[in-house]
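what follows is a protein structure lacking sequence information:
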């Protein structure tokens, strides 16, 4: 087949302050192909694509579309060049229907929603999308919203589609469906770019792979000639072993027991419904679920940050042998009971740390109350900061540099380091490797593993099912606030997890 | 779709990007450069509008600010008063509690002092009266500040509007009592209170009427600095200000911190009111605070909430203000002209912060022969 070039990037450079996001990147994308842009977090994939879609502007270099030099100043310009980008965070208006969202912002005088709907249905039929154009966005699942975004781009005549981490929020079943429509769009002659850091997806969907590392273009290879080892080496720059050595749990002891825990949202809807489970000392309990299924609230309820409508959270204190009910206690009261609970929240800079403070001052968050009555004692936190910087190899100009300026991986090391340093009996971590590079991710996995071997009850909320099944001893699946299953991490498959993750949704739909 | 026409569109020549951390000296170099540039613009404006030699205007400015011993004392007093209010608003601002009611809190403190002086002037022992005056003004300032804080803490009301409206209430209270306590009767204003007995007046050190005020504010500056940077309370304020979620996560009682901090902020405003009424004016009017409650916000922000730097920023503003007064009287230009000059200078100083945060890049355009 004769391939025509859709986009060519020549020597693109983009910097933010002293940070070089992209350096001299040159890239070609053809019609009739799916190109994966592969790279670790922070390697500049999204920045590069944002320059194609008109959100950023390159400092240096040029973009060619269909062989002609192009100047893309805004997303509207991008549409003129028939480029559509589907962002990781959807840009839809909740109270509007799919059709209304799709036509919104198009300059066509008075909107003809009927005609638009017809056109949308035709597009859906052509590529195999399944959406109801009249359905409101707030009634849609994540995967439906994503479909609306894709149809929106197609409706505007996009010939070049960019998908930024489209699979991050989907279940295995939904991913398969997405890949099917992507293939159909490719066969229709579209140029498709998919940004991802998941190797198995790259190998499955793409025709060619371009790899970025630390903002630099490393190279492009045909997927047929690639394998996971080659790609990782290109991505990281050296050979990495991707195995988690899961040890057999020993001396299991009951540590936390949740019984019939129900938590309501401010609007009265149940976010958690009758949750029951036990977390044991000496094992890693994984929590799987589509994001927003109540994982956050579950951990916060245990940490004393959510009000329980009903139920109990019993903590078995290994030192005294007593059982304490943590229900509706404040974090302070929980600590005063002698419960050594550590919590690595999902929102690292917004909840776990103070972005404008240095590492030393962030260490103090847990310990500042110690010491004299009025003045702060700065010495211990400073020593702890130095120790953690050394032990976890945190890259920072110094312990006083605001943690906001550190890279995502280093921020997470600061947070996890602090939480582990208080020798907890329960360690909860929500998405602890989100946004981290491969090396940092494995460092975190190993830290969790070490905690488990030291007899800590580890609760790990994850999104990557491969990791969950490799790391966890047991996996609890939550869907719509309901526990739909607790399975053995050693013999469950991703497909089984995927089904459990969507179980309650189906039940709800049937009830309607 | 007319693509060829679109393609001729020019690349933008410049664009703005965020800087990394600047070394300390470099950021101050930018600020000094801004002041130099502002003086240049002032000179151009002065010459084009008035044909007066700009140098003589600047000379008059300095002359007016620090020309005589008396002027230096007035300058220091002005700095002390403005700094005192700025110290008061800073803990609240660090907590991201936008207290723009310092004006009213100062007035409330001053009003309480004046009321005690008037009501108990000949009834209480001088030392007892003085203690009552001091305590009541501090408490009054604190109460006026804690009302919006309580509403914010429990019902999450908007503190900006709330504190602003509280200003007008206290102004009207003072206007009302100016009639009730008018002296002489019917004049509608309160003259110097207890002029003969000086009851309730703060003592004067030696021959220097402003020295006590200045010393008190100097001590407060150091105290607030230590409170904010080295105390547990200061740490809690910083955490709450940066992220309430983080504060809750580590078990800080956010409501308590909000209320406690506003009590402190209001109490310091009360002190400012006390120094103005019992220490300086010995009377109360609805403009006794003189807009310091608002100017203090600028002092605090320009200093990035560092009390020690606030000495410099308040000095700068008062220096300009006082020097500008001299320009208007000495050179026969009116007051508005000096306002123009201070406006230009402040504009440049605030504008320089932009260049400290961001840098402007010119596009390096490479001509491409392939068309």
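Thanks, I have the structure now. Predicted model only: the values in this text are computed from it and were never measured.

C-alpha only now, for contacts and for neighbours.
Will do.

all strands for the stretch 51-200 of chain A, in order.
A:60-65, A:68-70, A:83-86, A:160-164, A:191-196 (DSSP state E, counting those that start in this stretch).

and those: which comes nearest residue A:236?
strand A:191-196 (14.4 Å; C-alpha to C-alpha).

so residue A:276 is in which element?
Applying DSSP states H and E as the criterion places residue A:276 in strand A:270-281.

if you could redo that for residue B:143, that was the one I meant.
helix B:126-155.

with distance to chain B as extra columns, can I get the strands of the stretch 51-200 of chain A in JSON lines?
Converted to JSON lines, the strands of the stretch 51-200 of chain A look like this (distance: least, C-alpha to the nearest C-alpha, whole Å):
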{"stretch": "strand A:60-65", "distance to chain B": "7"}
{"stretch": "strand A:68-70", "distance to chain B": "6"}
{"stretch": "strand A:83-86", "distance to chain B": "14"}
{"stretch": "strand A:160-164", "distance to chain B": "16"}
{"stretch": "strand A:191-196", "distance to chain B": "19"}
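
in JSON lines: these, plus mean pLDDT, mean neighbour count and distance to residue A:443.
Shown next, in JSON lines, are those (pLDDT from 0 to 100; neighbours: other C-alpha atoms under 10 Å in any protein chain shown; distance: least, C-alpha to C-alpha, whole Å):
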{"stretch": "strand A:60-65", "mean pLDDT": "90", "mean neighbour count": "19", "distance to residue A:443": "36"}
{"stretch": "strand A:68-70", "mean pLDDT": "89", "mean neighbour count": "19", "distance to residue A:443": "43"}
{"stretch": "strand A:83-86", "mean pLDDT": "92", "mean neighbour count": "26", "distance to residue A:443": "32"}
{"stretch": "strand A:160-164", "mean pLDDT": "93", "mean neighbour count": "24", "distance to residue A:443": "26"}
{"stretch": "strand A:191-196", "mean pLDDT": "92", "mean neighbour count": "25", "distance to residue A:443": "21"}
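
for residue A:171, find the nearest of those strands.
strand A:191-196 (15.4 Å).

any buried residues in the helix holding residue B:143, and which?
B:126, B:129-130, B:132-150, B:152-153 (16 or more other C-alpha atoms under 10 Å in any protein chain shown).

wait, does it make contact with chain A?
No. Using C-alpha under 8 Å from any C-alpha of the partner chain, helix B:126-155 never reaches chain A; the gap is at least 14.6 Å.

now do the buried residues in the next helix or strand after that helix.
Moving toward the C-terminus from helix B:126-155, the first helix or strand encountered (DSSP H and E) is helix B:159-180. Within helix B:159-180, the residues that count as buried by 16+ other C-alpha under 10 Å are B:159, B:162-164, B:166-167, B:170-171, B:174-175, B:177-178.

ok, how many other residues are close to the residue in the stretch 401-512 of chain A that chain B sits nearest to?
Nearest to chain B in the stretch 401-512 of chain A, going by C-alpha to the nearest C-alpha, is residue A:405, at a distance of 8.8 Å. Burial measure for residue A:405: 17 neighbouring residues, criterion other C-alpha atoms under 10 Å in any protein chain shown.

ok, residue A:461 next?
26.

next, it: phi, psi?
phi -90, psi 120 (degrees, to the nearest 10).

what is it paired to in the beta sheet?
residue A:287, residue A:430 (DSSP bridges).

who in chain A is up against chain B?
A:16-19, A:59-61, A:68-71, A:80-81, A:305, A:330-332, A:350-356, A:365-366, A:368-369, A:374-376.

whichever of those residues end up buried, select them in PyMOL.
Applying 16+ other C-alpha under 10 Å to those leaves a buried subset, and the PyMOL line that selects it is:
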select buried, chain A and resi 17+59+60+61+69+70+71+80+81+305+330+331+332+350+351+352+353+354+355+356+365+366+368+375+376
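
what sits against residue A:296?
When contacts are counted by C-alpha atoms under 8 Å, 6 or more residues apart in numbering or on different chains, residue A:296 touches A:346, A:430.

report the angle between the strand or helix carrying it and strand A:270-281.
Element membership of residue A:296, judged by DSSP H and E, is helix A:295-303. Going by axes from the mean of the first three to the mean of the last three C-alpha atoms, to 10 degrees, helix A:295-303 is angled at 60 degrees with respect to strand A:270-281.

what pLDDT, on average, does helix A:295-303 get?
Taken as a whole, helix A:295-303 has an average pLDDT of 94.

moving C-terminal of that helix, what's the next helix or strand?
Next helix or strand after helix A:295-303 toward the C-terminus (DSSP H and E): strand A:310-316.

and the stretch 201-350 of chain B, which residues reach chain A?
Counting by C-alpha under 8 Å from any C-alpha, the stretch 201-350 of chain B sits next to chain A at B:230-233, B:239, B:242-252.

just these: which are in helices?
B:230, B:232-233, B:239, B:242, B:244-249 (DSSP state H).

most neighbours out of those residues, which is it?
Neighbour counts for these peak at residue B:239, which has 27 neighbours (criterion: other C-alpha under 10 Å).

spatially, what comes nearest to that residue if we skip its sequence neighbours?
residue B:247 (5.9 Å; C-alpha to C-alpha, 6 or more residues apart in numbering or on different chains).

pLDDT score for that neighbour?
So, for residue B:247, pLDDT stands at 95.

what about residue A:484, which helix or strand?
strand A:482-488.

oh, that last question was meant for residue B:295, not what I typed.
With DSSP H and E as the criterion, residue B:295 is inside helix B:292-302.

what's the neighbour count on residue 48?
Assuming you mean chain A. Residues lying near residue A:48 (other C-alpha under 10 Å) number 25.

oops, chain B please
With other C-alpha under 10 Å as criterion, residue B:48 counts 12.

and the gap between it and residue A:198?
66 Å (C-alpha to C-alpha, to the nearest Å).

identify the residues contacting residue A:493.
Counted by C-alpha under 8 Å, 6+ apart, residue A:493 has contacts residue A:469.

just give the nearest non-adjacent residue to residue A:344, would you?
Per C-alpha to C-alpha, 6+ apart, closest to residue A:344 is residue A:429, 4.5 Å.

how many neighbours does the one you found have?
With other C-alpha under 10 Å as criterion, residue A:429 counts 23.

contacts for the strand holding residue A:276, please.
Contacting residues not belonging to strand A:270-281 are listed as A:251-265, A:285, A:293-294, A:297-298, A:311, A:425-426, A:452, A:455-459, A:480-483 [C-alpha under 8 Å, 6+ apart].

could you spell out the sheet neighbours of that strand, each with its direction?
When DSSP bridges is applied, strand A:270-281 pairs with strand A:253-264 (antiparallel).

relative to strand A:482-488, how tilted is the strand it pairs with?
Using the same axes, to 10 degrees: strand A:253-264 against strand A:482-488 is 160 degrees.

tell me the secondary structure at the residue nearest the centre of chain A.
For chain A, residue A:434 is the residue whose C-alpha lies nearest the centre (C-alpha atoms, centre = their mean; 5.0 Å). Three-state assignment for residue A:434 (DSSP: H, G, I helix; E, B strand; the rest coil): coil.

so it versus residue B:145, what's the distance?
43 Å.
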